[in-house]
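Student: Below: sequence and its predicted model.
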Amino acid sequence: MSFLTIAKIVSTTRDQMKCVLEVGGGNITSPNYPNHPEPDKFCYWKIRTKRGERITLFFDDFKIDQSDILLVVDDYQCTSQLIALRNKGDGNAFGHVSVSFGSNEMSVLFIANGKRKGNGFHANIIGVRRIISDYGKISLLLCLYT
């Protein structure tokens, strides 16, 4: 079993969620999941696993409004990769999505607008050992299924 640290950090205005919340499980969800995300929410998760592992997010439910934004960032270096996930339709799911980078740190940012379409997202978090190729380089896996 992997060691996993998930810190959920959100805005501190009166209408937002609390500033810092430690998440004890191996998943993250949009605010108010499985119901519509609450309007005008900003959520930030910092996900970290132990050295020698990489983090993979498996989105098993993804039905956000087309104007909501979900960003996933590899935190390994300042030139990190960034993935933006969003729906092309009004709250329709585009199927299962898997996101993985080569490092042991990842940030996830979700911004919900004022509309109330879709039921948000649910993602399972898994820390897995990095795969070393024949040339001694770390394999980098980046998958999006739309």
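Tutor: Nice, thanks for sending it over.
Student: wouldn't Pro37 be in contact with Ile111 here?
Tutor: No: with contacts defined as Cβ atoms under 8 Å, Pro37 does not count as touching Ile111, sitting 9.5 Å away. No exception for glycine: its C-beta is placed from N, CA and C like everyone else's.
Student: Between these two, which has more neighbouring residues?
Tutor: More neighbours surround Pro37 than the other of Pro37 and Ile111, with 27 against 16 (other Cβ atoms under 10 Å).
Student: Could you check how far Pro39 is from Lys117?
Tutor: Applying Cβ to Cβ, to the nearest Å, the value for Pro39 to Lys117 is 11 Å.
Student: which residues do Pro37 and Ile111 both contact?
Tutor: Asp68 (Cβ atoms under 8 Å, 6 or more residues apart in numbering).
Student: quick one, which of Pro39 and Lys117 is more surrounded?
Tutor: A count of neighbours by other Cβ under 10 Å puts Lys117 above the other of Pro39 and Lys117, at 18 against 13.
Student: any idea of the mean pLDDT in the helix or strand where Met106 lies?
Tutor: Taking DSSP states H and E as the criterion, Met106 maps to strand 105-112. Strand 105-112 shows a mean pLDDT of 82.
Student: Pull up the pairing partners for that strand, direction included.
Tutor: strand 41-49 (antiparallel), strand 69-74 (antiparallel) (DSSP bridges).
Student: Including mean pLDDT, could the ones you listed go into JSON lines?
Tutor: Shown next, in JSON lines, are those (pLDDT from 0 to 100):
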{"stretch": "strand 41-49", "mean pLDDT": "80"}
{"stretch": "strand 69-74", "mean pLDDT": "83"}
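Student: As a markdown table, the ones you listed with mean neighbour count and distance to Pro31 would be great.
Tutor: Output for these, formatted as a markdown table (neighbours: other Cβ atoms under 10 Å; distance: least, Cβ to Cβ, whole Å):
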| stretch | mean neighbour count | distance to Pro31 |
| --- | --- | --- |
| strand 41-49 | 20 | 5 |
| strand 69-74 | 20 | 12 |
